[in-house]
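Participant: Here is a sequence together with a model predicted from it:
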Amino acid sequence: MRSEQNAEYISKIRMRLCDDALARKEREKRRRRVLVEQLAAHEAIEQAKHEDMLVTCLMRQSQLERRIALQLLQVRLEKDVIRNIRLQREQQFMQRRLKDFDEALNLE
């Protein structure tokens, strides 16, 4: 009778050890799964932050490009105005020279 009780006791201990080992494996699987999910969530957040930084950088670059394009347009317009003024001045000088030449011929 005593040996049956001992065998039953040892059997219960072995069952508990098997159950504990199985429970430990399940806890480890759940822990790994949670860690993988946390890692994936963290990577997704980091990717979103990176994309936001890129968008911000591109927007800033786009604003700078628009500002530079506007400045370039203004410089071109100023250049055209300066060229037109120079051409008008040259025409006026030419007309003045022709007038002075005609006057000099008339005086002779």
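Facilitator: Sure, I can see it.

Participant: Distance of the most centrally placed residue in the chain relative to I68?
Facilitator: The structure's the chain has its C-alpha centroid closest to L54; by Cα atoms, centre = their mean the separation is 0.6 Å. Separation of L54 from I68 (Cβ to Cβ, to the nearest Å): 21 Å. For every residue, glycine as well, the C-beta is placed using N, CA and C.

Participant: just the helices in the protein please.
Facilitator: 2-107 (DSSP state H).

Participant: any weak-confidence spans in it?
Facilitator: The chain contains no residues with pLDDT under 70.

Participant: so who does R76 touch?
Facilitator: By Cβ atoms under 8 Å, 6 or more residues apart in numbering, the contact list for R76 is empty.

Participant: now Q71
Facilitator: By Cβ under 8 Å, 6+ apart, the contact list for Q71 is empty.

Participant: any idea how far it lies from Q63?
Facilitator: The gap separating Q71 from Q63 is 13 Å, by Cβ to Cβ.

Participant: same thing with E90?
Facilitator: 41 Å.

Participant: Please apply the same query to E28.
Facilitator: According to Cβ to Cβ, E28 and Q63 sit 52 Å apart.
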